[in-house]
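Chemist: sequence and predicted structure are below.
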Amino acid sequence: MDKRKLQSGLSLIEMMVGLAIGLIAIIVIGQVTAVFEGQKRTTTGGADAQTNAGTALRELTRETSTAGYGMINAGLGSANGNQLCPLGVNIYYNGTVVSDPGSLPTDGGILAPVRIIDGATAAGGDAIIVARSDSEYGVLSTIVRQVVPGTITVDSALGYQPGQLFLIGSSGGTEICTLLQLSAAPTAVAGTWSAWNLPYAAGANYRYNPANPTAAFATFPTYAAGAIVVNMGYSPTTGNISADRSFIYRRYQVQCDKLAMVDPSQVAGPYDCANTTPVVDQIVNLQAQYGISLGGGAQAVDHWVDARGAWAYNLLTAAQINQIKAVRIAVVSRSPQLEKTDVSAATLTLWTTLTGGDDPAPTYTVPDRHYRYSVHTTIVPVKNVIWGKLL
């Protein structure tokens, strides 16, 4: 028998052909996987950009829609549209005067429900500042009976406990307000059934109380009987005071490609990446306009204006604050995925100008078109201004 007939297996040529086919298959599979992975990253990055823009817009909407709670209501009198603090507010925190409208600081010390700072950051666009009480008793203002150094006597202490923050101002909004902190439990005034003392002594645990308000602030009004006190929310006297406090006074702006927040009652400007708290990633621009009603007593928005000129953030008057019925907000987010080719327009128009009398819609010049951008816009009614004017 011929032994050659019993030999079996692959020849060298067959093995080389098999290896060649295998290498080709690996290359094809690798290319398909790379294309699929690139498409997945593009899709995921685009979805992330939309999600982040939506999250940022939801945060801004929530804060703007509740702005002014506790600071505008019928119990504050009819002057200045039921505003408690149209002339500003004295704020002292942890040894530093943060806001002093009597000395005309950079921001005027204005405590409006919502303010827009036009072009607050060169690349990031505008900033939005909101203020409100975060107490369930915020709308239950109490009347002042008398004020002596270190103590305010009021007609109700419902909802007050040590650490509570409160605003005191005139009933008609005709005096500068002051933010203070309750330093001990309210005590009933002897011989009365409806008078309570609210002490506001200075101390390490009561960081909002200066030892001598008259010396700390350029203007510390002599608040008289009939003034108004509003509960702004509880701030713990120990522990993480910054994180746990309730009084809402927040400034939102884009910083380091993030929507960032800072508390102007605790941190003085200028604001940067180091002294602000990031809220949402991949946000590169924020733009906003006021929706105002120029008709006397009207509630409908008839003009959209930029926060510049007469509407600049440090020039707002009580009358103008009453005219701000809504805020239009746009946020621009960017995908983290860098594409090989241009995938975005060179310029993005953030919204459509509604009437010829409106200020023009802002635009965003895309710095790198190899990224995908997402624009989300909304209109937020400033409900407490509208409701306060209706009362």
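Modeler: Yep, that arrived.

Chemist: what is the burial count for Cys256?
Modeler: 16 (other C-beta atoms under 10 Å). For every residue, glycine as well, the C-beta is placed using N, CA and C.

Chemist: so how far is Ala224 from it?
Modeler: Taking C-beta to C-beta, to the nearest Å as the measure, Cys256 falls 47 Å from Ala224.

Chemist: next: Asn205.
Modeler: 29 Å.

Chemist: compare the two (neighbour count), which wins?
Modeler: More crowded of Asn205 and Ala224, by other C-beta under 10 Å: Asn205, with 16 against 13.

Chemist: need the pLDDT of that one.
Modeler: pLDDT, Asn205: 86.

Chemist: can you check which helix is longest in the protein?
Modeler: Once the chain is assigned using DSSP state H, the helix that runs over the most residues is helix 12-65.

Chemist: how far away from the center of its chain is that one?
Modeler: With C-alpha atoms, centre = their mean, to the nearest Å as the basis, the distance from the averaged C-alpha position of helix 12-65 to the chain average is 35 Å.

Chemist: name the helices or strands packed onto that helix?
Modeler: With contacts defined as 3 or more C-beta pairs under 8 Å, 6 or more residues apart in numbering; DSSP states H and E, helix 12-65 has these neighbours: strand 125-132, strand 248-254, strand 258-262, strand 277-281, strand 283-292, strand 324-334, strand 373-381.

Chemist: quick one: the closest residue to Cys256 other than its chain neighbours from Gln337, how far?
Modeler: Distances taken as C-beta to C-beta, 6 or more residues apart in numbering place Cys273 nearest to Cys256, at 4.3 Å, with adjacent residues excluded. Distance from Cys273 to Gln337, counting by C-beta to C-beta: 23 Å.

Chemist: so for the two, which sits in the more crowded spot?
Modeler: For Cys273 versus Gln337, the count of surrounding residues by other C-beta under 10 Å is larger for Gln337: 19 against 11.

Chemist: quick one: closest of the helices and strands packed on helix 12-65 to Ser170.
Modeler: Counting by C-beta to C-beta, Ser170 lies closest to strand 125-132 out of the helices and strands packed on helix 12-65; the figure is 17.9 Å.

Chemist: now the angle between strand 283-292 and the closest one, please.
Modeler: In terms of direction (axes from the mean of the first three to the mean of the last three C-alpha atoms, to 10 degrees), strand 125-132 departs from strand 283-292 by 60 degrees.

Chemist: show me what the helix or strand following strand 125-132 is packed up against.
Modeler: Toward the C-terminus, strand 125-132 is succeeded by strand 142-148 as the next helix or strand (DSSP states H and E). Helices and strands touching strand 142-148, by 3+ C-beta pairs under 8 Å, 6+ apart, are strand 151-154, strand 228-234.

Chemist: same for the shortest one, what does it pack against?
Modeler: Okay, so that is strand 151-154. With contacts taken as 3+ C-beta pairs under 8 Å, 6+ apart, strand 151-154 sits against strand 142-148, strand 196-199.

Chemist: ranking those by burial, who's on top?
Modeler: Highest mean neighbour count of the helices and strands packed on strand 151-154: strand 196-199, a mean of 20 (counted as mean count of other C-beta atoms under 10 Å).

Chemist: what lies in contact with the following helix or strand past it?
Modeler: Next helix or strand after strand 196-199 toward the C-terminus (DSSP H and E): helix 213-216. For helix 213-216, the surrounding residues in contact (C-beta atoms under 8 Å, 6 or more residues apart in numbering) are Asn90, Tyr92, Val97, Thr178, Pro210, Phe220.

Chemist: so which bits of helix 213-216 are buried?
Modeler: Pro213, Ala216 (16 or more other C-beta atoms under 10 Å).

Chemist: any idea how far that helix is from the chain center?
Modeler: Offset of helix 213-216 from its chain centre (C-alpha atoms, centre = their mean): 29 Å.
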